[in-house]
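*Asks:* okay, here's the prediction I keep looking at, along with the sequence it came from:
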Amino acid sequence: MRKEPVKIKEIDAKTRAGNFNEVVLGYSEDEALCEAGRCLQCKNPLCISGCPVGIDIKTFLHKITQKDYAGAYNTIREKNNFPSICGRVCPAEYQCRIACVLSKKGQPFATPQAINIHFLERFAGDYGMRCSVSAPSARNSGLKLKKVAVVGSGPAGLCCAGELARAGIKVIMFEGLHKLGGVLRYGIPPFRLPRNILDCEIESLKNMGVEFVPNFIVGKNKDLEELFKDGFAAVFLGLGAGIPSFLGIKGENLCNIYSANEFLTRVNLMSAYEFPKAHSPVNIGKSMVVIGGGNTAMDAARCALRLQLMNGIAPNTTILYRRSEVELPARRLEIEHAKEEGVQFRLLVKPQEFMGDENGFVRRLHCLQCELGEPDSSGRRKPLEIPGSDFEVDCDVAVVAIGLKANQILTKVTPALKTDKYGDVIVEPETMETSIKNVFAGGDIVGGEGTVIEAMGMAKKAAGAIIERLK
Ligand SMILES: Cc1cc2nc3c(=O)[nH]c(=O)nc-3n(C[C@H](O)[C@H](O)[C@H](O)COP(=O)(O)OP(=O)(O)OC[C@H]3O[C@@H](n4cnc5c(N)ncnc54)[C@H](O)[C@@H]3O)c2cc1C
């Protein structure tokens with residue numbers, strides 16, 4: 001049995017930094033067979049408990065070793081509707097892989113020896129998509145005449161729609177934006193998640209009879225009461241966390257300071273990297289600074305660097321993060337890729353004030369150096385400012401990527417829908433039902449910013465409860 005992990009093929013850093021094409025190329029059949037063959041097929045597979053939706057990893061890896069790729073795909077699909085997406089974006093190093101017995105224990109992330117479960121999930125997912133393997137069919141639930149509204153087309157909404165459609169329920173999905181996919185479309189760049197993968201998953205929902213209504217904001221075009229009057233038996237809210245947080249420091253209203261949401265939406269949803277072929281521009285600077293350390297910050301920095309190169313500007317994009325490298329919340333692969341592509345990291349740095357020119361455009365950022373103190377409520381060591389450690393960085397475009405809050409368009413006009421102090425919708429954990437009967441919720445609108453697989457896990461639970469209710 002092979003001991004060494006099979007490395008995944010990637011486009012080299014210099015080539016890929018000049019375009020928006022996918023960076024990670026995926027396993028070939030031989031590579032997937034070798035990597036799946038490393039699995040020890042543990043009696044008590046801990047990896048499964050590391051997966052937020054409990055995919056039967058042991059079985060799907062075994063099926064790959066037997067060349068039963070359709071079987072592997074169907075095993076994953078029992079728990080996860082979108083393996084090709086999750087295989088590309090799941091933070092496996094904190095989830096299934098860290099629980100793998102081959103990963104060295106006591107480390108903050110999975111070590112390289114752990115099975116590359118995410119790459120194998122992607123292999124099986126892409127096989128299923130390429131070979132049009134049909135998803136496991138649902139039980140006949142006798143719910144043909146029921147109609148359910150799904151609000152929001154991010155991973156939570158898409159997953160819930162798929163589950164309901166498989167149970168024979170008519171699903172109509174309302175999305176405020178003109179394109180479908182939520183963060184998968186407007187946040188995560190195509191070099192991480194190619195749009196044909198997302199389009200294919202959405203197409204498969206259309207083929208299952210799900211109807212999509214874009215450019216429709218529930219809470220503005222129609223409220224929940226009107227949806228029930230229109231004959232919907234239940235509503236699922238997958239509204240997401242799309243409201244950016246800001247630093248709240250002086251000068252933050254200067255020109256060329258973007259929230260990560262606006263920056264990424266311009267680049268990814270509106271294809272600003274193809275401007276003027278695409279209609280939306282985005283400003284590109286000579287010294288671009290991204291503040292934050294999560295996936296959003298990595299995506300913004302890697303987009304910024306690409307835009308500089310594609311516009312003949314010497315790459316100069318820096319991430320400023322207030323803690324140290326080990327606390328960076330982004331996926332480890334994204335951090336590695338950002339570094340390889342030339343993004344610079346200045347760690348233990350806290351911005352104090354943006355300074356601009358006479359025309360109101362940002363020019364510099366005044367910062368303080370930090371050191372780490374005791375762990376805070378998040379369990380991570382708290383950054384403490386070092387007095388007198390002031391310094392400035394050049395910055396003619398800044399992107400603030402320090403967190404997202406609940407989308408509140410609907411909750412603000414629906415007083416009966418109970419929310420917590422963060423504006424997140426409160427649900428019954430067993431059913432995901434909200435304070436309004438027959439209104440369910442899941443994803444980032446419940447409990448704040450999470451991951452794609454967590455959003456899907458909640459949506460699946462809500463779909464199960466909706467199906468039970470409608471019976
Ligand atoms: C830039 C970025 C990168 C990320 N990278 C990763 C990653 O690599 N791996 C990972 O696991 N997670 C990642 N995440 C987190 C992950 O994307 C989210 O946890 C996930 O998308 C949440 O799904 P959701 O369906 O709840 O919400 P969203 O994806 O936010 O979708 C919500 C949708 O609802 C729509 N909507 C909101 N209100 C209304 C309304 N009233 N009427 C109609 N439509 C409405 C919105 O327009 C949006 O399309 C990332 C997040 C960001 C921002």
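*Replies:* In hand now; what should we look at?
*Asks:* hang on, isn't residue 36 packed against residue 66?
*Replies:* No. Using C-beta atoms under 8 Å, residue 36 is not in contact with residue 66; the gap is 9.3 Å. Bear in mind the C-beta positions are built from the backbone N, C-alpha and C, glycine included.
*Asks:* if you count what's nearby, which of those two comes out ahead?
*Replies:* Between residue 36 and residue 66, counted using other C-beta atoms under 10 Å, the more crowded position is residue 36 (26 against 11).
*Asks:* contact partners for that one?
*Replies:* Applying C-beta atoms under 8 Å, 6 or more residues apart in numbering to residue 36 gives the contacts 61, 62, 64, 65, 115, 120.
*Asks:* surely the last one forms part of a helix?
*Replies:* Yes. The assignment for residue 120 is a helix, going by DSSP: H, G, I helix; E, B strand; the rest coil.
*Asks:* hey, which strand is longest across this protein?
*Replies:* strand 362-375 (DSSP state E).
*Asks:* let's see that strand as CSV, backbone CA atoms only.
*Replies:* Taking only C-alpha atoms (Å, rounded to 0.1, in the frame of the first residue of the first chain), the coordinates of strand 362-375 have been written out as CSV:
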residue,chain,number,x,y,z
VAL,A,362,-6.9,56.9,0.0
ARG,A,363,-3.1,57.0,0.0
ARG,A,364,-1.7,55.5,3.2
LEU,A,365,-2.7,53.4,6.1
HIS,A,366,-1.4,54.1,9.6
CYS,A,367,-1.0,50.9,11.7
LEU,A,368,0.2,49.6,15.0
GLN,A,369,2.1,46.3,15.5
CYS,A,370,0.5,43.8,17.8
GLU,A,371,1.6,40.9,20.0
LEU,A,372,-0.5,38.0,21.1
GLY,A,373,-2.1,37.9,24.6
GLU,A,374,-4.3,35.4,26.3
PRO,A,375,-7.0,33.5,24.3
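*Asks:* return the list of helices and strands in contact with it.
*Replies:* strand 349-356, strand 381-385, strand 391-394, strand 397-400 (3 or more C-beta pairs under 8 Å, 6 or more residues apart in numbering; DSSP states H and E).
*Asks:* of all the ones you listed, which one is nearest the ligand?
*Replies:* strand 397-400 (10.9 Å; C-beta to the nearest ligand atom).
*Asks:* average pLDDT across the helix or strand following that closest one?
*Replies:* Counting by DSSP states H and E, the next helix or strand C-terminal to strand 397-400 is strand 404-405. Per-residue pLDDT values over strand 404-405 give a mean of 95.
*Asks:* circling back to that earlier point, with pLDDT and neighbour count as added columns, please give the contacts of residue 36 in a markdown table.
*Replies:* Below are the contacts of residue 36 laid out as a markdown table (pLDDT from 0 to 100; neighbours: other C-beta atoms under 10 Å):
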| residue | pLDDT | neighbour count |
| --- | --- | --- |
| 61 | 98 | 26 |
| 62 | 98 | 18 |
| 64 | 98 | 27 |
| 65 | 97 | 17 |
| 115 | 97 | 26 |
| 120 | 98 | 26 |
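*Asks:* for the ligand, state which of those residues is nearest.
*Replies:* residue 120 (17.2 Å).
*Asks:* that closest one: what's it in contact with?
*Replies:* 27, 32, 35, 36, 60, 61, 64, 72, 87.
*Asks:* which residue sits closest to the fourth one in space, ignoring its chain neighbours?
*Replies:* Same thing as residue 36. residue 64 (3.9 Å; C-beta to C-beta, 6 or more residues apart in numbering).
*Asks:* what residues does the stretch 351-471 of the chain put near the ligand?
*Replies:* 407, 409, 410, 443, 444, 445, 449, 450, 451, 452, 453, 455 (C-beta under 6 Å from any ligand atom).
*Asks:* swap the cut-off to 5 Å and go again
*Replies:* Neighbours of the ligand within the stretch 351-471 of the chain, by C-beta under 5 Å from any ligand atom: 407, 409, 410, 443, 444, 450, 451, 452, 455.
*Asks:* show me which of those residues are buried.
*Replies:* Buried subset of these (neighbour count, 16 or more other C-beta atoms under 10 Å): 407, 410, 443, 444, 450, 451, 452, 455.
*Asks:* quick one: name the residues of the stretch 201-350 of the chain near the ligand.
*Replies:* 217, 218, 219, 238, 239, 240, 295, 296, 299.
*Asks:* reformat those as JSON lines; add neighbour count, pLDDT and secondary structure.
*Replies:* Shown next, in JSON lines, are these (neighbours: other C-beta atoms under 10 Å; pLDDT from 0 to 100; DSSP: H, G, I helix; E, B strand; the rest coil):
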{"residue": "217", "neighbour count": "15", "pLDDT": "97", "secondary structure": "coil"}
{"residue": "218", "neighbour count": "25", "pLDDT": "98", "secondary structure": "strand"}
{"residue": "219", "neighbour count": "19", "pLDDT": "97", "secondary structure": "coil"}
{"residue": "238", "neighbour count": "32", "pLDDT": "98", "secondary structure": "coil"}
{"residue": "239", "neighbour count": "28", "pLDDT": "98", "secondary structure": "coil"}
{"residue": "240", "neighbour count": "24", "pLDDT": "97", "secondary structure": "coil"}
{"residue": "295", "neighbour count": "24", "pLDDT": "96", "secondary structure": "helix"}
{"residue": "296", "neighbour count": "28", "pLDDT": "97", "secondary structure": "helix"}
{"residue": "299", "neighbour count": "27", "pLDDT": "98", "secondary structure": "helix"}
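*Asks:* which among these gets closest to residue 271?
*Replies:* The closest of those to residue 271 turns out to be residue 299 (C-beta to C-beta; 15.1 Å).
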